[in-house]
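> Here is my input, please return the structure:
(one chain, ligands or ions: 2)
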Amino acid sequence: MKRQGRALPARNLNGHAARADRVHGAPRRGGLCRVSHDVNLYPADRVLRAREAAAAQGVDALLVSPGPDFRYLTGYQALPLERLTCLVAPAQGEPFLVVPLLEKPAAEASPAGALGIEIVGWRETDDPYQLIARRLGGAAKRLAVDNHMWAEKVLSFRAALPWAEQGLAGTVLGELRMRKSPAEVEALRVAARAIDTVHQSMGEWLRPGRTEREVGRDIADAILAAGHESCDFVIVGSGPNGASPHHEVSDRVIEPGDPVVVDIGGTTADGYCSDSTRVYCAGGEPKGEYGKLYEVLLAAQRAQCEAVRPGITAQELDAVGRDAIAAAGYGECFIHRTGHGIGLETHEEPYIVAGSARPLEPGMAFSIEPGIYLSGRYGARIEDIVVCGEESGERLNTVPRELRLLG
Ligand code: ZN
Ligand code: ZN
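Residues are numbered from 1 along each chain as shown. Ligands and ions are numbered 1, 2, ... in the order given. The predicted structure follows:
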């Protein structure tokens, strides 16, 4: 769980833009500092695969700007800047990478420099949009622009190529990114192990008498200490705040017996994300029907994880948990989809949601995170990242899911 639409930049607990804060003490300058040269994780044939997929969808050229799709295709962790950096991948013809001249050394030193793709530097007085328009020419009638491209760049492309229709590159690239390679699954496993160690240590920070914000700060530090490059979000929802799935932290003081929903995630240096939720209860047993509610949720989440297999559709998997929760009388209290795909973004395809007839396939990675929320009282959510294997699912998060009572 993470509030949609604010991934770039997310605010961390100190009010800094979390993504921009990934590299501590050093700005992220693409190939000049920390980059992954893991050719298994970022293989060189992805641009070719993307061009083939574009051709199959009738797209004449992909225009991919810095962000997750760009990194997926090139391995280059370029910064989104006001100056245009863009991978141009025509369905027919050679791909090329357009970068500001002052970024060219970084691009060449990055994994993109080893792809065998021409890197074209543009000077401050050049118009990079016209440069790309000239190279593509009038035959480029259907362009697919990066889903995260800044609007000013999208409109500049429209002005430079007025004859071309614009669509979204995500429609092409999402289909590729959704099916993870073994190296990507391993990168997600590493991220999951890192976030698991934070959950395992929760007793060090989560205590009655502390505020959610105080606990959240400690968790954010621990997420970095556990091996993430950035802390992307921290939700500490105590007592009634746990009933709001997108609560972050507040100055509410945690009381004895409060159930506390802790949903946390970060990104590793490889670019892959973690996301896991557990519920804690500090300083006493939870009150009222909470124990019963939690058992219902635990069983529903387990049933969903066990139902993962190739061929089951996203909506069928959603229904496995939703039906179990509804049968126990909490149907109205499960107010969001079951889960989301995860990889280079915390939220990506495939979404595990009613209405999606997409069959799961080996290599798809997604969260299973049903929740039960009683407004004004308390809430519960259990979240694991699961990868669909050849026959069943593998839960990448392995921390016990039972309600954990802390000192
Ligand atoms: Zn989450
Ligand atoms: Zn999630």
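> What's the separation between the residue nearest the centre of the chain and ligand 1?
What sits nearest the mean C-alpha location of the chain, by C-alpha atoms, centre = their mean, is residue 346, with 1.3 Å. According to C-beta to the ion, to the nearest Å, residue 346 and ligand 1 sit 8 Å apart. Backbone N, C-alpha and C define where each C-beta goes, glycine included.
> shift numbering so it begins at 51
Done: numbering now begins at 51, and the last item shifts to residue 396.
> surely that residue meets residue 315?
Yes - the pair residue 396 / residue 315 is scored as a contact, 5.8 Å apart, by C-beta atoms under 8 Å.
> Between these two, which contacts overlap?
Common neighbours of residue 396 and residue 315 are listed as 52, 282, 283, 323, 325 (criterion: C-beta atoms under 8 Å, 6 or more residues apart in numbering).
> and residue 118, what does it touch?
By C-beta under 8 Å, 6+ apart, the neighbours of residue 118 are 198, 227, 321, 393, 394, 395, 398.
> Try it again at 10 Å.
57-58, 196-198, 220, 223, 227, 321, 323, 393-395, 398 (C-beta atoms under 10 Å, 6 or more residues apart in numbering).
> Which residue comes closest to the closest residue to ligand 2 within the stretch 251-400 of the chain once chain neighbours are left out?
Closest approach between the stretch 251-400 of the chain and ligand 2, counting by C-beta to the ion: residue 325, at 4.2 Å. Spatial nearest neighbour of residue 325, chain neighbours left out: residue 315 (3.9 Å); criterion: C-beta to C-beta, 6 or more residues apart in numbering.
> Helix, strand, or coil at the one you found?
strand (DSSP: H, G, I helix; E, B strand; the rest coil).
> Just list whatever residues bridge to it.
residue 283 (DSSP bridges).
> any idea how far it lies from residue 419?
Counting by C-beta to C-beta, to the nearest Å, the separation of residue 315 from residue 419 is 11 Å.
> Looking at these two, which is more packed in?
Between residue 315 and residue 419, counting by other C-beta atoms under 10 Å, residue 315 is the more crowded of the two (29 against 26).
> Provide a list of residues in contact with that one.
51-52, 60, 241-242, 245, 248, 273, 278, 280-285, 323-327, 392, 396, 417, 433, 435.
> same thing but at 8 Å, please
Residue 315 sits next to 52, 245, 273, 282, 283, 323, 324, 325, 326, 396 when contact means C-beta under 8 Å, 6+ apart.
> go on, residue 411?
Residues near residue 411 by C-beta under 8 Å, 6+ apart: 229, 360, 438.
> if we go to 10 Å?
Contacts of residue 411 were listed using C-beta under 10 Å, 6+ apart, and they are 228, 229, 360, 361, 400, 438.
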